[in-house]
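> Below are the sequence and a predicted model; questions follow.
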Amino acid sequence: MFENTEETLTALEKVGYFTTHEIANTIYAAGDTNQPILLEGPAGAGKTEMALAVKRATGMKLMRLQCYEGLTDKQAIGSFSDELRQLFVRFHEGTFDEAAKKVSDRAFYLAGPLLSALETTERCILLIDEIDKISHAFEAQLLEFLGEWQLTIPGLGEIKAIHPPFTIVTANDERQLGYPLLRRCARIYIDHPTPEQEAAIVASRTPHCPKAIHYFIAGFARSLRSFKMQKPPSISEMIALARVLDKMKLQELRDEHKAVMLPFIAKTEKDRASLLVPGRFESFMDNARIIADEMCRHDIQMAAQAVAPIREDDATRPASVMALEAVTR
């Protein structure tokens, strides 16, 4: 999918996914060796977004298996269509035995995401999302797929991959995954991004929003997650908040904007009540401003070091002013 680690990192950044050199190397190496990647970490940290970012960066087709309690083979792999079988038998002109044999063909089997990923004529991306929501028994059924890129289906036999899919498996730390699954995957732990990373992510999705808002959103997210909310805000929720603030044309955020922000960050009544405790929301705002100011100062210092040699018309202008202009461009 990519030529090397550096190309992987650059391609993902171009589509708004900012990650580390180590993770980019894992994506490159796993894609090149047909090994699935297991992403573990808290909900909302950007695990699913990695698969979507690879899709945007490569243009490959994405197939998704959303895991949930009670998921069966029929939803994940597929099943024979009784309706098609009955219709074929009814209108078949040959003997009943001939019809019965033909209705066991692949043409009468409706494929689920796993089988579709094996049969696609071009390599695809397969996202197996929130695998820790399924039982250990069903997890065991995935081992053949993840280890050998094939499925053994009653009535059809072994079906091997035309092109092994680039597979990302995500888990939200809801239960311990089995060691056989772990052995088959390259494992990465994805935590919430640093404020600097989150500011860059938010900026990539809201380019018309002032940098001050990007910094503030990142600092506010860090403050809220440090508070151990029942449902800490995800990256996508902070992006949604930034878009709302941009639509409202707010250049800065003050305490009186609490009513605007709460619906986008408090997703349970317990969290809402907790944030409405007198003074608490305001303290988060203050902490967010401190983090935002630190990031702004750091960017100004970095820009000052990168300022080109002073031109004649810049001779009387402070370097800090030119650095600030470089940051805001």
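Looks like it arrived, so ask away.

> so how far is residue 143 from the most centrally placed residue in the chain?
Centroid-nearest residue in the chain, with CA atoms, centre = their mean: residue 49, separated by 1.7 Å. Per CB to CB, to the nearest Å, residue 49 is found 26 Å from residue 143. In this view, the C-beta of every residue, glycine as well, is placed from N, C-alpha and C.

> likewise residue 150?
The spacing between residue 150 and residue 143, counted by CB to CB, is 11 Å.

> shared neighbours, the two?
By CB atoms under 8 Å, 6 or more residues apart in numbering, residue 150 and residue 143 have no common neighbours.

> doesn't residue 151 fall inside a strand?
Yes: the assignment for residue 151 is a strand, going by DSSP: H, G, I helix; E, B strand; the rest coil.

> Verify the contact between it and residue 77 for me.
Yes: counting by CB atoms under 8 Å, residue 77 is a contact partner of residue 151 at 6.1 Å.

> can you list residues touching both of these two?
114, 115.

> Which of those two has more residues huddled nearby?
Taking other CB atoms under 10 Å, residue 151 and residue 77 do not tie; residue 151 has more neighbours (25 against 22).

> Residue 119 versus the more buried one, what's the distance?
10 Å.

> joint contacts of those two?
With CB under 8 Å, 6+ apart as the test, residue 151 and residue 119 both reach residue 159.

> all helices for the stretch 51-200 of the chain, in order.
Counting by DSSP state H, counting those that start in this stretch, one finds helices in the stretch 51-200 of the chain at the ranges 73-76, 82-91, 96-102, 113-119, 136-141, 143-148, 179-184, 195-205.

> which stretch in these is the model least sure about?
In terms of mean pLDDT, the lowest-scoring of those is helix 96-102 (a mean of 61).

> where does the stretch 101-250 of the chain dip in pLDDT?
Low-confidence segments of the stretch 101-250 of the chain (pLDDT under 70): 101-104.

> Please parse this structure into its domains.
5-77+112-189, 195-328 (automatic domain parsing).

> Burial check on residue 69, number of neighbours?
That count, for residue 69 with other CB under 10 Å as the rule, works out to 8.

> Quick check: it touching residue 134?
Yes: in this structure, residue 69 is within contact of residue 134 by CB under 8 Å, at 7.1 Å.

> returning to that earlier point: switch the helices of the stretch 51-200 of the chain over to TSV; also include mean neighbour count and distance to residue 158.
Below are the helices of the stretch 51-200 of the chain laid out as TSV (neighbours: other CB atoms under 10 Å; distance: least, CB to CB, whole Å):
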stretch	mean neighbour count	distance to residue 158
helix 73-76	16	15
helix 82-91	12	22
helix 96-102	12	19
helix 113-119	22	10
helix 136-141	14	15
helix 143-148	17	9
helix 179-184	14	18
helix 195-205	21	42
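
> mind checking which of those is nearest residue 218?
Closest of the helices of the stretch 51-200 of the chain to residue 218 is helix 195-205, at 3.9 Å (criterion: CB to CB).

> now the following helix or strand past the closest one against helix 195-205, angle please.
Beyond helix 195-205 on the C-terminal side, the first helix or strand identified by DSSP states H and E is helix 211-226. Counting by axes from the mean of the first three to the mean of the last three CA atoms, to 10 degrees, helix 211-226 lies at 130 degrees to helix 195-205.
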